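S.K.: give the three-dimensional model of this entry:
(2 chains)
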Amino acid sequence: MLMRKRRWTAGAAAQTGFDVLDARLPAAEAARTLLRKAFPDHWSFLLGELALYSFVVLVLTGSWLTLFFSPGSATSRYAGSYAPLRGLLMTQAYSSTLRISFDVRGGLLMRQMHHWSALIFVAAISVHMLRIFFTGAFRKPREVNWMIGVVLLFTALLEGFCGYSLPDDLLSGTGLRTANSIVLSIPVIGTYLAFFAWGGPFPGRVFNDRLYILHVLFVPGLLIALITVHLVLVFYLKHTQWGGPGRVNRNVVGRPLFPHFTAKSTGLLLLVFATIAALSALVQINPVWLYGPYVADQVSTDAQPDWYVGFLEGALRLMPPWETRAAGHTVMWNVLVPALLLPGVLMMLLLCYPVFERWVTGDRAEHHLCDRPRDRPVRTGFGVAGIIAYTVLLVAGGNDVVALTFRVSVNTLTWIFRIGFVVLPVLAFAVTKRLCLALQAREKRRLRVGAETGDVVQSVYGAIEPRHVPVAGDRLYHFLVRDLPVPLPPPEADVPRTTRLRAALGRWYYGRRVELPATPEQHQHVTEALAEPERRTS
Amino acid sequence: MRTEMFLFAGVAVFFLVTDVIYAWWSHQEPAGSAVLAVAFLMASAISFFFGRTYRTRGTRPEDRKDGEIADRAGPLDFFPPHSPYPPAVAAGAVLTVLGIVFGLWLFLLGLGTLAGSVGGMVFEYVHRGEPGEPE
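M.R.: A predicted model of the protein is given here:
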């Protein structure tokens, strides 16, 4: 009796509360559109969430760290509880980092969580981005969201580097020295820019304070703003999805935001928290007390940046020592090219790729179904070549460690990596394109003769053969529902050069394919599944 | 299967004898003795397998003088049609052995790869033929 009454009261209270809210805020409208939003439940759609949740950890731990960290290059003699460094001159930034590590309760755990989640954040963004790239989820109407994502990645790199440089230990100071020479390498204005940023010659007195405000206000503000726009756009444009029975280009099939997706995603959030906490509790990261305070004339051996800056470090180490002197100026190609032009070019390539592919494809349609990478051999080839080039640079960033571990000469390694950086991506592209076509051919074979069961039979004539079964229905769907653009027809003789280039690129992109055998009925199904959604009118 | 059993038993005996002589003559040279011992073990394993198969399955048409090709017609056995695990096992073995040379970190990575791929290879078709399993 009592229970029933209480439940009724709770229900009524919820009802009244909702009415009060709905009379003043767009609660019902929001609930209708938000709570019923469908989320596809393929695992690869959770990669972006991993990035989001590690960012949540970053913001939480970072906010906590601001309560104890004090930037600044005012020096004092250390008198804290870590005995080996007592009596050493150090900046306020470094001594407060030591205080967080040794004297603040839970401080070391928070510092390590902050560092670990930064590494995981950038890794999650990268993997998420690869997923989007390889499945073609950047195509219309999601080009802008892809570009926001690219800017997010580079903003995250910048934020990571600022944070890494804040504690003013010997390692981060070495990183800042590199950053300083990168700024110096900008032609003509480099010197002025470096003096402006550092407030004089390196190391200066103001840069640490400036880094701090960049790291805790400007860059994270930009990150939060971009993430918000990114998520709003994901809601507005809806998710892509893998094709399947009932999953076509015109709909989104998945679990509703509430309660299914909320429950699942909360679970993921807690898992991310738990993993980062466990890692940070068990695995030491960035032990600044071992490196000592930064002194401008010292460099520690084995100096390695965080992994996401490693490719720039590698590029710097591989670049030949080229310089040009002209009109009293020196252009330092050896720093300018690997540290500024390379990331700039990388960012421009990533930003422009959707537009470029659209131009080559000559396609104005909306795409909401994910491509299987094998159905787009050239795009997949580009992706793999990019990964390989990045990996070469990343490994080259640790060439001293590789040389020490495998007892090879650093100079030999440098040449291996230089040649590898040029040759391996080309090779990877060719192999990947070939493999994609081979995988298509394999599907054709499976459609023609069926899938091998592994049961081997012998005929009365003695022939030994494997048994085959027809491909199951949902596999059949994956094989046949593919969105392969047709290359544009060969141009006339007297068309502009860009048109001819475009036609040639189109043939290169989409000329090679393996046609799959399909009945007219299956053809009709495929056309229906790939049909474009109607334009939103309201 | 009896013939094959004797064949490989002969190979095993050959390697055993060679191994003993080699070890004695070379004053226990470790590498060669170990290789010959492993060769002996491998040949014995195959011989043992054939012997066991003979005991469970008996003679086959090809073991009889009057056997016909048609006598063997019908399902032979299950052979995995394709598997990513053999190359993965190979990669794991390579990493593990390189780990012995270069350091514990590589050894542990190799061990992980090896354990995962061996597990995968053993359990890949474990649910074959159960209801609800495709293929």
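S.K.: could you report the pLDDT at the residue in the stretch 151-300 of chain A that chain B sits nearest to?
M.R.: Here the stretch 151-300 of chain A gets closest to chain B at one residue, residue A:283, 13.5 Å apart by C-beta to the nearest C-beta. Heads up, the C-betas are built off the backbone N, CA and C, glycines and all. As predicted, residue A:283 sits at a pLDDT of 95.
S.K.: dump the residue contacts of it.
M.R.: Going by C-beta atoms under 8 Å, 6 or more residues apart in numbering or on different chains, residue A:283 touches A:112, A:116.
S.K.: quick one, phi psi at it?
M.R.: Main-chain dihedrals, residue A:283, degrees, to the nearest 10: phi -120, psi 120.
S.K.: go on, residue B:74?
M.R.: Here is the backbone geometry of residue B:74 (degrees, to the nearest 10): phi 130, psi -180.
S.K.: try the one 10 residues further on
M.R.: Note on residue B:84: backbone dihedrals following degrees, to the nearest 10 are phi -80, psi -10.
S.K.: skipping its backbone neighbours, what lies nearest it in space?
M.R.: residue B:120 (7.8 Å; C-beta to C-beta, 6 or more residues apart in numbering or on different chains).
S.K.: residue ranges with poor pLDDT in chain B?
M.R.: The model of chain B has pLDDT under 70 over residues B:132-135.
S.K.: tell me where it has strands.
M.R.: Using DSSP state E, the strands of chain B run over B:74-78.
S.K.: so the residue nearest to residue B:84 touches residue B:86, yeah?
M.R.: No: look at residue B:120 against residue B:86 with C-beta atoms under 8 Å: they stay out of range, at 10.1 Å.
S.K.: so which elements touch the biggest helix by length in chain B?
M.R.: Looking across chain B with DSSP state H, the single longest helix is helix B:30-57. Counting contacts by 3 or more C-beta pairs under 8 Å, 6 or more residues apart in numbering or on different chains; DSSP states H and E, helix B:30-57 packs against helix B:2-25.
S.K.: who has more neighbours, residue B:120 and residue B:86?
M.R.: Between residue B:120 and residue B:86, counted using other C-beta atoms under 10 Å in any protein chain shown, the more crowded position is residue B:120 (14 against 11).
S.K.: show me the domain layout of chain A.
M.R.: A:35-357, A:372-538 (automatic domain parsing).
S.K.: quick one: residues contacting residue 111.
M.R.: By default, I'm working from chain A. A:61, A:65, A:97, A:100, A:101, A:286.
S.K.: please refer instead to chain B.
M.R.: Here residue B:111 is in contact with B:92, B:96, B:99 (C-beta under 8 Å, 6+ apart).
S.K.: how far away is the spatially closest residue to the last one that is not a sequence neighbour from residue A:302?
M.R.: Once its chain neighbours are removed from consideration, residue B:99 has its nearest residue in residue B:107; the separation is 2.7 Å (C-beta to C-beta, 6+ apart). Here residue B:107 is placed at a distance of 21 Å from residue A:302 (C-beta to C-beta, to the nearest Å).
S.K.: same check on residue A:323?
M.R.: Counting by C-beta to C-beta, the separation of residue A:323 from residue A:302 is 28 Å.
S.K.: quick one, which of those two is more surrounded?
M.R.: residue A:323 (12 against 9).
S.K.: enumerate every residue touching the closest residue to chain A within chain B.
M.R.: Going by C-beta to the nearest C-beta, chain A is nearest to residue B:81 of chain B, at 3.5 Å. Listed by C-beta under 8 Å, 6+ apart, the contact partners of residue B:81 are A:451, A:452, A:453, A:454, A:466.
S.K.: for the first one, what are its contacts?
M.R.: Contact analysis of residue A:451 by C-beta under 8 Å, 6+ apart lists A:468, A:469, A:470, A:471, B:81, B:135.
S.K.: need these in CSV with distance to residue A:430, can you?
M.R.: CSV is the format used below for the contacts of residue A:451 (distance: C-beta to C-beta, whole Å):
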residue, distance to residue A:430
A:468, 32
A:469, 34
A:470, 34
A:471, 29
B:81, 28
B:135, 33
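S.K.: coming back round to it: quick check, nearest of the contacts of residue A:111 to chain B?
M.R.: If you rank the contacts of residue A:111 by distance to chain B using C-beta to the nearest C-beta, residue A:286 comes first, at 19.1 Å.
S.K.: many thanks, I have nothing further to ask.
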